[in-house]
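Undergrad: Sharing a model that was predicted from the sequence below.
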Amino acid sequence: MEKLKVTLPALRFNTLSTVTKKHFILFLFLLSGFGLYAQDSTSWKDKFETSGYLKAMGTFNHFNKDYLPPFYQDVIPSSYEDYLLHNRFDVKFYPTQHLSFGIGMRNRLFYGYSVSNVDGYATDLDEDLGYFDLSYLYWESDEVLLHTIFDRLWAQWENDKWMVRLGRQRINWGVNTVWNPNDIFNQYNYLDFDYEERPGSDAIRIQYFPNFNNTIELGFSPAKDIEQSVGALLYKTNKWNYDFQFLGGYYKQDAVAGIGWAGNLKTAGFKGEANYYAPLTNETEANFTASLSLDYMFQKGIYVQLSYLYNGLGESQPNISDFVTINTQVLDAKHIFIYENTFLVATSFDITPLFKANLATMLTPDFKNYILFPTLSYSLGKNLDASFIAQYFIAQNTLQNDEVEWLSAAIFGRLKYSF
């Protein structure tokens, strides 16, 4: 019988750098599989918790070439498509009352224009910003990338007064919904809507609960370059029906101090955060960042939020390339957003019990830069959702007439099955 011949695109299978790394990843997969097997065992069922999802998303990008210099007109296409298959898997193991372990991984397959045409796309994707490299680019071709990263990998011990967690985790010190100056360990990008879990960091977190109203926390995240490490103390308390928090510590060659609060102004929610960075070397500069937010739920279920961010290192008119790529940038706690002053107005409401709508708008005070962010989501059934998301970028065209014009748009269609 004649053998069937299949021609595949040139592939580059990336091997792990060391035997230890291979054994480590194999151990994680075995532990994950053991978690699934344990669900069928009566004696182990309550000790394991598994969850995850599978997403399929297509993206259509369109760009206004009037913003490009003439020599770029024929280099950058006016429109292109990208596609993504995204699987998340989380396992938590509770062997005893005081001890627990957690693993979380993202498996993503990329296909489309960006994979084939954007220089450094695979390299940027495979970069792990943590102390340990838990990023694996298994399959690389001129058309397809297959990538896995472990963004959670921790062990935890706790009792009535203490909680200690070591490993890759999310240390969430933020209070606000959109911009979080206090979140010095793992900043996230509000426009990166497809990463609900938010990034983690390699760190140790120690929490002490002396009483019901107070918490003391210590967090430390080392870096290979020790000067780029982050460590701080956080104190939480409740006073006048407000939750307050105060932090102080070290952030990448700076001393940092901050405050945050959450409470109510009559029937509206009122939250705020602020950080100040004082240079400890000549290589950095001082900065002050602050965010405020008000939110209110109307009787008919319409939710409205107003937010403001001040970033002392931001610009009044950032360059066009920064503006276009802001939805994919990894943000820094000291430099949260590209603008010096940014407002956000957002609303959400239910069209029907199964059909939800959201609309958010980011803008600068001079009304020359906007980001429109509408979202529609529909529940197709148990654990199955469909979403339509768009991001429209509007900015001043400094290359031609200085008029405020449409710059670019990204339109996303997504199916998500949760398990």
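TA: That came in fine, so what should we check first? Numbering: from 1, shown residues only.

Undergrad: Mind telling me what element the nearest residue to Ile371 once chain neighbours are set aside is part of?
TA: Excluding the flanking residues, the one nearest Ile371 by C-beta to C-beta, 6 or more residues apart in numbering is Met362, at 4.2 Å. Bear in mind the C-beta positions are built from the backbone N, C-alpha and C, glycine included. Using DSSP states H and E, the element containing Met362 is strand 355-363.

Undergrad: what's the very next helix or strand once past that strand in contact with?
TA: Sequence order places strand 369-381 as the next helix or strand after strand 355-363, per DSSP H and E. The contact list for strand 369-381 (C-beta atoms under 8 Å, 6 or more residues apart in numbering) reads 191, 193, 317, 323, 326, 339, 354-363, 385-396, 404.

Undergrad: chain center to stretch 113-123: distance?
TA: 21 Å (C-alpha atoms, centre = their mean, to the nearest Å).

Undergrad: which residues are in contact with that stretch?
TA: Applying C-beta under 8 Å, 6+ apart, the contact partners of stretch 113-123 are 61, 77, 80-82, 137, 140, 142-145.

Undergrad: before we move on, what about stretch 241-261?
TA: Residues from elsewhere that reach stretch 241-261 (C-beta under 8 Å, 6+ apart): 173-175, 181-182, 184, 223, 227-238, 262-264, 270-281, 283-284, 333-334.

Undergrad: what's the first-to-last distance across that stretch?
TA: Stretch 241-261 has an end-to-end distance of 10 Å (C-alpha to C-alpha, to the nearest Å).

Undergrad: coming back round to it: what residues does the strand holding Met362 touch?
TA: Counting by C-beta under 8 Å, 6+ apart, 342-351, 369-379 sit against strand 355-363.

Undergrad: Just the buried residues from those residues, in PyMOL please.
TA: Buried residues among those (16 or more other C-beta atoms under 10 Å), as a PyMOL selection:
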select buried, resi 342+344+346+348+369+370+371+372+373+375+377
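
Undergrad: list the buried ones in the host helix or strand of Leu247?
TA: In this assignment (DSSP H and E), Leu247 forms part of strand 242-251. Buried residues in strand 242-251, counted by 16+ other C-beta under 10 Å: 244-245, 247, 249-251.

Undergrad: ok, that strand: who's next to it in the sheet?
TA: strand 230-239 (antiparallel), strand 254-265 (antiparallel) (DSSP bridges).

Undergrad: and those as TSV, adding mean pLDDT?
TA: Putting the strands paired with strand 242-251 into TSV (pLDDT from 0 to 100) gives the following:
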stretch	mean pLDDT
strand 230-239	98
strand 254-265	98
